[in-house]
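Student: What follows is a predicted protein model with its sequence.
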Amino acid sequence: MGKKVFPENNRMKKAELKALIFDVDGTLTDNEVHGHRVAFNLAFQDAGLDWFWDVEIYERLLEVFGGKERIRYYIEDFLTHFNAPKDLDGFILDLHKSKTAHYLALLKSGALPLRPGVARLIREARAAGLRLAIASTTTLENAELLIKMSLGEECLEWFDVMACGDVVANKKPAPDIYLYALEQLGLPAAECLVFEDTGAGLVSAQAAGLTTVITVNDSTRDEDFSGAAIVLDQLGEPEQGFEVMQGDAGGATLVDVELLRRIHRKSAA
Ligand code: XBP
């Protein structure tokens with residue numbers, strides 16, 4: 001009996017890379033310790049609270065995604081004596097609104113630049129015809145201002161989807177925000193690649209079936225990145241190559257569209 005030959009349309013076609021989905025905080029910009037944490041502390045000060053999140057406490061609090069959820073986590077798990085107001089939800093909401101105002105002011109001051117290679121890769125990907133999306137636990141307002149401040153107002157339209165914050169019920173490490181981004185993109189996970197900086201972000205993306213490139217930062221470099229396509233210390237620039245911490249970059253020294261296509265093909269194999 002001769003070998004069965006399947007007609008072209010029955011053979012499994014390798015998925016083509018069509019979109020890049022970026023996490024925001026810690027991935028596009030190294031802004032948790034130097035940005036969000038500072039904004040939280042300013043909001044606590046404005047509210048007359050004697051709370052102060054130093055780096056050590058904040059890195060423990062980063063276990064919980066979402067600023068409002070993080071404040072609640074602090075109240076419930078870190079404070080021993082806190083006379084919670086009757087309307088705790090309202091109290092947290094007001095505190096978070098104040099924090100967001102301080103964070104936006106920090107962004108406007110230019111204090112939170114993009115990480116190395118981010119602007120370069122976004123421009124290259126767009127020129128190569130790849131679609132771009134954001135999938136972040138932070139607010140849309142925060143994500144939009146970061147892009148306006150760092151890439152320019154006109155670049156907001158480069159992103160077909162900006163999936164942010166409370167648009168989904170369950171935040172990372174739940175897959176909800178990535179599933180929502182895929183639905184809005186109208187693409188299968190197999191045609192996309194994700195950029196993240198945390199183990200929980202990786203869990204979220206993997207649960208949505210997405211291949212993930214990790215660029216660590218000081219707060220996340222020791223986290224578990226099992227299953228990531230590759231783990232780097234940054235995306236790299238011509239003058240400053242990346243360090244490969246897990247996986248194989250095949251001799252590349254920076255993340256460009258060619259390397260991403262190789263990573264994507266390997267993950268689809
Ligand atoms: C990181 C988060 C966010 C920020 C704080 O989001 O967990 O909650 O820490 O921002 P991601 P908000 O890594 O998904 O970008 O206070 O606006 O939530």
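Tutor: Thanks, I have it.
Student: is the strand or helix carrying Asn41 anywhere near the ligand?
Tutor: Counting by DSSP states H and E, the element that carries Asn41 is helix 37-46. No: Helix 37-46 is not in contact with the ligand by Cβ under 6 Å from any ligand atom; minimum separation 7.7 Å. C-betas here are computed from N, CA, C, even on glycine.
Student: same check, this time on stretch 209-225
Tutor: No: contact of stretch 209-225 with the ligand (Cβ under 6 Å from any ligand atom) is absent, the minimum separation being 9.8 Å.
Student: Tell me the residues on the stretch 101-250 of the chain that lie near the ligand, please.
Tutor: Ser136, Thr137, Thr138, Thr139, Asn142, Lys172, Gly201.
Student: one more time with 5 Å, if that's ok
Tutor: Counting by Cβ under 5 Å from any ligand atom, the stretch 101-250 of the chain comes close to the ligand at Ser136, Thr137, Thr138, Thr139.
Student: Show me the residue of the chain that gets nearest to the ligand, please.
Tutor: Nearest residue of the chain to the ligand: Gly67, at 2.1 Å (Cβ to the nearest ligand atom).
Student: So what touches stretch 77-90?
Tutor: For stretch 77-90, the external contacting residues (Cβ atoms under 8 Å, 6 or more residues apart in numbering) are Ile57, Leu61, Arg72, Ile75, Phe91.
Student: For the stretch 1-150 of the chain, which segments count as strands?
Tutor: Assigned strands in the stretch 1-150 of the chain, in chain order: 19-22, 131-136 (criterion: DSSP state E, counting those that start in this stretch).
Student: For Ala163, which three-state class applies?
Tutor: strand (DSSP: H, G, I helix; E, B strand; the rest coil).
Student: Spatially nearest residue to it (excluding sequence neighbours)?
Tutor: Once flanking residues are discounted, Ala163 sits nearest to Ala181: 4.0 Å by Cβ to Cβ, 6 or more residues apart in numbering.
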